[in-house]
Structures are given as structure tokens and as C-alpha cells.
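J.: Model the following, please.
(one chain, ligands or ions: 1)
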Amino acid sequence: MQTTSDEQQELWFLTGSQHLYGPEALRQVADNVQQLVQAVNGFGRIPVKLVSKPVLTGPEEVLKACNDANSDSKCVGVILWMHTFSPAKMWITGLRALRKPMLHWHTQFNRMLPWATIDMDFMNLNQAAHGDREAGFLHTRLRLPRKVVVGHWTDQEALDRVATWTRAALGWADLQGARFARIGDNMRYVAVTEGDKVAAEAKFGFSVNGYGVGDVVKFVNEVSDAQITALTSEYEGRYNVARPLRKGGDRHESLRDGARIELGLRAFLKDGNFKGFTTTFEDLHGLKQLPGLAVQRLMADGLGFGAEGDWKTCAMLRAAKTMAKGLPGGTSFMEDYTYHLNPADPLVLGSHMLEICESIAEGQASLEIHPLGIGGKADPVRLVFNAPAGAAINASLIDLGNRFRLIVNEVDAIAPPEPLPKLPVARAVWRCRPDFKTACAGWIYSGGAHHTVYSYAVTVEHLRDFAEIAGVELVTIGSGTELQELRQTLRNNEVYYHLAPGLGQI
Ligand code: MN
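T.: Got it, this is the predicted structure:
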């Protein structure tokens, strides 16, 4: 429902050179850039259009290009490349002004050296080997966050690195100005879902504001019977709907209540142009049920969500869903719920009271109704399913008081080892990397939340690129993680992030 104008988004390709080589060489550089950009667009691996900009040969042009990138809402990031040597002092003012994500692609127009014919003209045209080092020095000297990708522009691995970063930049662009609704406040006494919303807005560009559940109820009450009938028919076509919930069944009214809540919540979110929301089961005045099905379906449409007021997970879920758009595998709100402590193969069962996104359902989901032990409301309708086997990640954004930390654990989801006939919620079962004990201890030392963004589509690399763009700490737990090393990294990071603002001074 929240559509961004993806088709119009662009990446700008900024090529550096200088006047030393004469107009003929500059014309050649410009032609080569056109050819490169056209070819890369043709490969179709990068999810937005790459746009070549005129070759930059002086400080005023660089500053103008950077300012243009800043002010053009279509531009989600810039790729820099020094086709020839481009003395980097001419980039200082521009790059200090640049506020869009930046990738430095260390490539070269010619892939192979023409050994038999190579002469000084060739040498002077294909200078990225030293030109990009001059650029890299300045980027490091200015402490500029960026991603460096190495490889010829036809190299599929390099294109994948660029594509992954592009997705991180799209996630970032989508957060700028994003509005998230915190419906009700925090679940009382819970610590990790709290945080500094002012710092978050300054850091990530999204705003979180509170709404009373009554603001939603107003929309829920305006839903018409005809709308509800149409939506329940849609449910019956799409899901394996439990017999009592179907039309004519003795619980059909509960399904209609669920549909009413979905329609009302959708209308509320559309009216406020929100990209995500949080709820809390402690504050449901005027709603008959805790929104389960509604939240599951809204997440599947790309909205962020966090339960119990968890606005940080809500924002990260939205970012992850934006990054993942078009990739295979779903992305959901998740909670480490309970463990299978088989010493030979310890497993985590992830779930929530209700709110697991339909995008991670394996096969057709069942639409069921069961009592909910907490909240004191009518039995909520919900989708029940297993999440598929496959490589996935759990990610958690926490507020450490002086900074945000993004923690990611790589996991391997498996099919549940046995059927779960009595479990009335959607669920995922996974093994942690590198192993259960290291992953859990590492997560707990890092301060990771019980709520996460769980994704089969987003990888550590997407989140590393995202963290670099955002300028936040990233802690990864995966294959190769060693616990005592991780603990030392956490200690080192305390010092680094205390000093980093000072290091950024020139
Ligand atoms: Mn929870």
C-alpha cells in the first residue's frame, strides 16, 4: 500500500578525470562511461537505473554534482570511479557536502591489457589503478563512509556487490522522512523496546510518533459491512480457512471482526501515510481482538511492524523489506520464543503471539481462531504456518544510550523436526551459526533484543552496507565467530564509538 516510485529512482555514476590529458582523451573517457553505464544497466543486476553524469574535471563541477545529488529525490546514491587520475584535492569540498550514500567502484574500462599494442596513450587512459588510490586516500583522509567494490564492470561478482549496496541505499532512501505510528506506548517495564526517538530521527531520518488506539478505532468503526464481506471472501479464496470461521460457520463473526480490524488499520495507516506501526496488547480499548491476521497481512504488503511498542524493530523491518524487494524469500517480525535443547542439535523456535509475516509462509497458510492467554480480549484470528528451510538472518537494532547498535546473527532454518498440531501460531525453527552456545552468548553480550527482523532475502552484506550508510555500529555473529574475540570487539567498539566523532574532525 505504501508505494515508492521505484521506477524513477536512480544511481548516479560520477567519473573523475582532469584536463591534463586534453579534450580528445576526455571525450574518450565520456564515451567509455556511456558504454559502461549502458552495459551495466543491460545486465539487469542492479535494481535501479544507473545514470551517467558528465565527467568531472574540477572542484566546482564536483561540488555541483554532489549538491545536485543531495537535492535530487530520485538519486539514492552515487558511484565514484576515477577512469584517469583525478587529483583528489578537487574532490574535498564536494565530498564533504555529499549527503547521499557513496560507493567507490574500483574498475577499469579495459579488462585485458593489449600486450602487443599497449602504448602511453593506453596507459594514460586506463589509470584507475592509481587514480582510484588517490581517491581512496582522500575518502579515508576525510573519514567518509563508503563501500569499495573491486572488479571489472562485467564481473558478475562485482556487480552483485554493487547491487547489494544499491539495495541498502534503497532501504536508506525509503527511511528518509518515513513516518511510523506507535499505536499505544511501550509494553510496561520492557527495556529493549525503548530508546531515543530524537536520536533515531537524527541518525536514520525516520520519525516515530504516538497515537491512541482510539485513533485507529475511529477508522475501524467506519468500515462497511460490504467491505468486510468482500475481504472475508478474499480470505476464503487465499487461505485454508478453518471450518467454523467460514461463511455459515459458528465463528464466522470473529473472522468478520478480524477483517474489520484489518480494513480499519489499513485506512488509518493510509490516511497518515505511515510506512509501519507498532501495537501493544495492553492497550486495545475499542478493538474486539488483538490485531493478528491484520498485522500479518500488512507486513506482507511491505509495512514495518513491531509488537509491544517496538518502534526500532518496526523501522528495521521496513528497511529490510525495502532492501529485499524483488528478491526470493520473505522477511518478518520475529521473536526468539523457546528452545529445543537437544545437546546434539539445539534449535530455536521463533514465533510471536500472532504477528509473523505471511511472506515467510511455506505453502498455503491456515486461517484459524484460538484463545489468547493474555490481553483479555476476544479470541483473535490469525494465520498459522511453518517458515521454510533455508539460510536466514536475525537482526536487532538497539539503543545503547550513546549510539545505536545493529546486531545480526546468521541462522539456518529447518523444517520443524516434528509436526506441531497444538501450536496455534506461525513459526520458524532454526539452527544458529556458528553454533547455539556461541550465538546465544554473543547475542546476549551484544545486548540484542528478543524481537528481531528475520529474513531469508536480506543478508549480512545488505545490513553491513546499510550500517555503513547510517553510520551505526554493526555486530555480526555467524560462521567463524569466536566468543572471546567478539567480546573484545564489543569492548573495542565502546572506545571507538566514543572517539569516532572526534576522529571525524578534520
Ligand atoms: Mn514480543
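J.: and residue 317, how many residues sit next to it?
T.: 31 (other Cβ atoms under 10 Å). Yep, even glycine has a C-beta here, placed from its N, CA and C like the rest.
J.: wait, is it part of a strand?
T.: No. Applying DSSP: H, G, I helix; E, B strand; the rest coil, one finds residue 317 to be helix, outside a strand.
J.: now it: how far from residue 261?
T.: 20 Å (Cβ to Cβ, to the nearest Å).
J.: same question, residue 80
T.: Residue 80 is 49 Å from residue 261, by Cβ to Cβ.
J.: buried set for stretch 129-143?
T.: For stretch 129-143, the neighbour count (16 or more other Cβ atoms under 10 Å) marks 131-132, 134-136, 138-139 as buried.
J.: Make TSV out of these and add secondary structure.
T.: Below are these laid out as TSV (three-state DSSP):
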residue	secondary structure
131	helix
132	helix
134	helix
135	helix
136	helix
138	helix
139	helix
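J.: Just send these back as JSON lines, with distance to residue 454 and pLDDT too.
T.: Formatted as JSON lines, those follow (distance: Cβ to Cβ, whole Å; pLDDT from 0 to 100):
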{"residue": "131", "distance to residue 454": "43", "pLDDT": "96"}
{"residue": "132", "distance to residue 454": "38", "pLDDT": "97"}
{"residue": "134", "distance to residue 454": "43", "pLDDT": "97"}
{"residue": "135", "distance to residue 454": "38", "pLDDT": "98"}
{"residue": "136", "distance to residue 454": "36", "pLDDT": "98"}
{"residue": "138", "distance to residue 454": "39", "pLDDT": "98"}
{"residue": "139", "distance to residue 454": "34", "pLDDT": "98"}
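J.: Closest one to residue 283 out of those residues, please.
T.: Nearest to residue 283 among those: residue 139, at 47.8 Å, using Cβ to Cβ.
J.: For that closest one, give its distance to the ion.
T.: Per Cβ to the ion, to the nearest Å, residue 139 is found 41 Å from the ion.
J.: pretty sure that residue is touching residue 104, no?
T.: Yes. Judged on Cβ atoms under 8 Å, residue 139 makes contact with residue 104 at a distance of 6.5 Å.
J.: Contact residues of the stretch 251-400 of the chain facing the ion?
T.: Counting by Cβ under 5 Å from the ion, the residues of the stretch 251-400 of the chain close to the ion are 307, 335.
J.: Please enumerate the helices of the stretch 251-400 of the chain.
T.: In the stretch 251-400 of the chain, the helices defined using DSSP state H, counting those that start in this stretch lie at 252-271, 293-300, 311-324.
J.: circling back: which residues do residue 139 and residue 104 both contact?
T.: The overlap between the contact sets of residue 139 and residue 104 (Cβ atoms under 8 Å, 6 or more residues apart in numbering) consists of residue 146.
J.: Low-confidence regions, the stretch 401-506 of the chain specifically.
T.: By pLDDT under 70, the low-scoring segments of the stretch 401-506 of the chain are 504-506.
J.: Can you show me the helices along it?
T.: Ranges of helices in the stretch 401-506 of the chain, per DSSP H, counting those that start in this stretch, are 436-446, 460-470, 483-503.
J.: Run the chain-centre distance for the last one.
T.: Chain-centre distance of helix 483-503: 24 Å, with Cα atoms, centre = their mean, to the nearest Å.
J.: mind listing what's buried in that helix?
T.: Neighbour-count burial for helix 483-503 flags 483, 486, 489-490, 493, 497 (criterion: 16+ other Cβ under 10 Å).
J.: which intervals of this structure have sub-threshold pLDDT?
T.: Within the chain, the stretches with pLDDT under 70 are 1-7, 504-506.
J.: rerun at 90
T.: Residues of the chain that meet the criterion pLDDT under 90 lie in 1-8, 21-22, 281-285, 372-377, 500-506.
J.: Go ahead and flag the most central residue of it.
T.: The residue lying closest to the centre of the chain (Cα atoms, centre = their mean) is residue 320, at 2.3 Å.
J.: measure that residue to residue 475 for me?
T.: Counting by Cβ to Cβ, the gap from residue 320 to residue 475 is 17 Å.
J.: cool, and residue 76?
T.: Remark: distance between residue 76 and residue 475 (Cβ to Cβ) = 26 Å.
J.: Looking at the two, which is more packed in?
T.: Neighbour totals were compared for residue 76 and residue 475, and residue 76 leads with 26 against 23 (other Cβ under 10 Å).
J.: Centre of the chain to the helix or strand harbouring the more buried one, how far?
T.: Assignment of secondary structure by DSSP states H and E places residue 76 within strand 75-82. Centroid separation between strand 75-82 and its chain, computed with Cα atoms, centre = their mean, is 20 Å.
J.: Show residues contacting it.
T.: Residues from elsewhere that reach strand 75-82, judged by Cβ under 8 Å, 6+ apart: 9-17, 48, 50, 65-66, 68-69, 98, 100-107, 127-128, 131-132, 134-135, 162, 165-166, 169-170, 172-173.
J.: Note down every partner strand of that strand and its orientation.
T.: The strands beside strand 75-82 in its sheet (DSSP bridges) come out as strand 10-16 (parallel), strand 102-106 (parallel).
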